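> sequence first, predicted coordinates after that:
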Amino acid sequence: MHGCLAGLPVLLSVLAGCAPEPQAGPTRLAWHVFHEPSGAFDRAAAQCSAKSAGRYVIEIEGLPAEADQQREQLVRRLAARDASLDVVGLDVIWTAEFAAAGWILEWPESRASPLRSGRIKAAVESASYSGGLWALPLSTNAQLLWYREDRVAEVPATWNALLERAEAIGVPGTLQLQGQRYEGLTVFFVSLLSSAGGAVLDPSGAAVSLDHEPTRRALEIMRRVGRSPAADPALTTSREDDARLAFESGSPAFMLNYSFVWPSARSNAPHVADHMGWARWPAVLPERPSRVAIGGVNLGVAAFSLHPELAFDAATCLAGDNSQRLAATLGGLPPTSLSLYEDPAVLARFPFARLLRTTLEDAVARPSSPVYSDISLAISRTLHPMSRIDPDRDVERLRSAVERALRSEGLF
């Protein structure tokens, strides 16, 4: 008789030489990430699969383009302990929430330590929680000041100078940025606050900081922007793409936005791109360089994956330099490895790469907290619309709102 009889004790199975049937072919690993239209993620998945020497094959499971919808799908499946997720693409603001909920696995220190080296510090911080590394930074981004070289003789280095020069042009909509009540408004505030020397939370992430003076300075600039005749009349509903489209129309002279606006202008408005310059995000204080809040995508290993070790290996490859180069050159997603900002292919795609690297080296991660979503809502709802901000009054209103969010009190 060949094989083992079903139902016999495990010991008898072992003694009879019975072993599990080996899996035919490589293990399938599912990478759940937003649909990246250039094909960069598909090529990275194929290359990493080939490098695994038959151990695994990575198959992409596309998520929606909108971050909120991505998060909703991931939360539902991970909360249900879905074992079909292996590697997950996370917005940089989700790390603490997913780690605290037990939805992703912490990277063993033996793996984590070398992976922190050579990467943008703020990107690593965005992938960390409670002293551990919970994801790998794949891509990052930060806003720059974009301007029309044919209309701007001297690039303003501070917010005061920027507003003065934009207002001197005398055309509504000369200055384009984001003012809708959403995550972009929180990013604007955090960037201003950090540039003024402040922070939303203390280093532990468990208590509110929001020191009075830097917070008041940030709010003063936001109110001035909200009331400026140079701002777009539709500022209260403006997002990144609205600012891009307005700038491509040819009328505005200044725009605060991410690097995606450069290839977009070259493709859609070459007459604008021909006169398009870039500079560092303006400083709040002349003596203190700006510190902007980063964006980007991190890769986590799903907590209920049936193949966690292989998933760690796959995520390491997917966030490696080769994959980052593909994401940068094909998809326009800035890398997290510092060395890639000197790569000829990356420099060809981003002629502003060295400026972006300098910006990112001084950048900050948004507050690391399992209740970040509530904190962000508390900030954006308190400070919208910017034209109605009262800096002295709203410092305390903001502190109170963030404290309630941190304690999960109230519905934001």
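Ah, there it is. Since this is a predicted model, take the numbers as computed values, not measurements. Numbering: from 1, shown residues only.
> quick one, domains of this protein?
With domains defined by automatic domain parsing, the chain comprises 27-140+295-355, 144-293+371-406.
> nearest to residue 362, out of the ones you listed?
Among the domains of the chain, the nearest to residue 362 by CB to CB is domain 144-293+371-406 (5.3 Å). The way it works is simple: take the backbone N, C-alpha and C, and place the C-beta from them, glycine included.
> list the buried residues for stretch 60-70?
Across stretch 60-70, burial judged by 16 or more other CB atoms under 10 Å covers 60-61, 63, 67, 70.
> of those residues, which one scores lowest on pLDDT?
Across the buried residues of stretch 60-70, the smallest pLDDT goes to residue 67, namely 93.
> next, count neighbours for the closest residue to that residue other than its chain neighbours.
Ranked by CB to CB, 6 or more residues apart in numbering and with sequence neighbours excluded, the top spatial neighbour of residue 67 is residue 91, at 5.1 Å. Neighbourhood size, residue 91 [other CB atoms under 10 Å]: 20.
> residue 91 and residue 201, how far apart?
Distance, residue 91 to residue 201, by CB to CB, to the nearest Å: 18 Å.
> contact partners of stretch 69-80?
Here stretch 69-80 makes contact (CB atoms under 8 Å, 6 or more residues apart in numbering) with 32, 34, 63-64, 84-85, 88-91, 94, 98, 101, 103-104, 302-304.
> let's see 10 Å
Outside stretch 69-80, the residues that touch it by CB atoms under 10 Å, 6 or more residues apart in numbering are 32-35, 61-64, 66, 82-85, 88-91, 93-94, 97-98, 101-104, 297, 300, 302-304, 373.
> list the buried residues in that stretch.
Result for stretch 69-80 [16+ other CB under 10 Å]: buried residues 70-71, 74, 77-78.
> next one: stretch 293-311 to chain centre, how far?
15 Å (CA atoms, centre = their mean, to the nearest Å).
> meant to ask about stretch 223-239, not that
Mean-position distance between stretch 223-239 and its chain equals 24 Å (CA atoms, centre = their mean).
> and it, which residues are buried?
Here stretch 223-239 shows 223-226, 228, 230-232, 235-236, 238 as buried, counting by 16+ other CB under 10 Å.
> turn the residues you listed into CSV, columns for distance to residue 279 and pLDDT.
Formatted as CSV, the buried residues of stretch 223-239 follow (distance: CB to CB, whole Å; pLDDT from 0 to 100):
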residue, distance to residue 279, pLDDT
223, 24, 98
224, 20, 98
225, 17, 98
226, 23, 98
228, 19, 98
230, 17, 98
231, 19, 98
232, 20, 97
235, 21, 98
236, 26, 98
238, 21, 98
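> can you lay out those as CSV showing distance to residue 267?
Listed next are the buried residues of stretch 223-239 as CSV, based on distance: CB to CB, whole Å:
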residue, distance to residue 267
223, 36
224, 34
225, 29
226, 32
228, 30
230, 27
231, 27
232, 23
235, 26
236, 29
238, 22
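> ok, so of those, who is nearest residue 173?
Nearest to residue 173 among the buried residues of stretch 223-239, with distances taken as CB to CB, is residue 232, at 4.3 Å.
> quick check, that closest one in contact with residue 175.
Yes. Residue 232 lies in contact with residue 175 (CB atoms under 10 Å); the separation is 7.6 Å.
> quick check: neighbours shared by these two?
243, 252.
> related to what we said a few turns ago, residue contacts, the residue nearest to residue 67?
Residue 91 is in contact with 34, 67-68, 70-71, 74, 98, 126, 183, 295-298, 366, counting by CB under 10 Å, 6+ apart.
> next: residue 119.
127, 136-137, 140, 319, 324, 335-339 are the contacts of residue 119 under CB under 10 Å, 6+ apart.
> from those residues, which is closest to residue 283?
Closest to residue 283 out of the contacts of residue 119 is residue 140 (20.8 Å), distances taken as CB to CB.
> stretch 196-208 spans what distance, first to last residue?
Terminal residues of stretch 196-208 lie 17 Å apart, using CA to CA, to the nearest Å.
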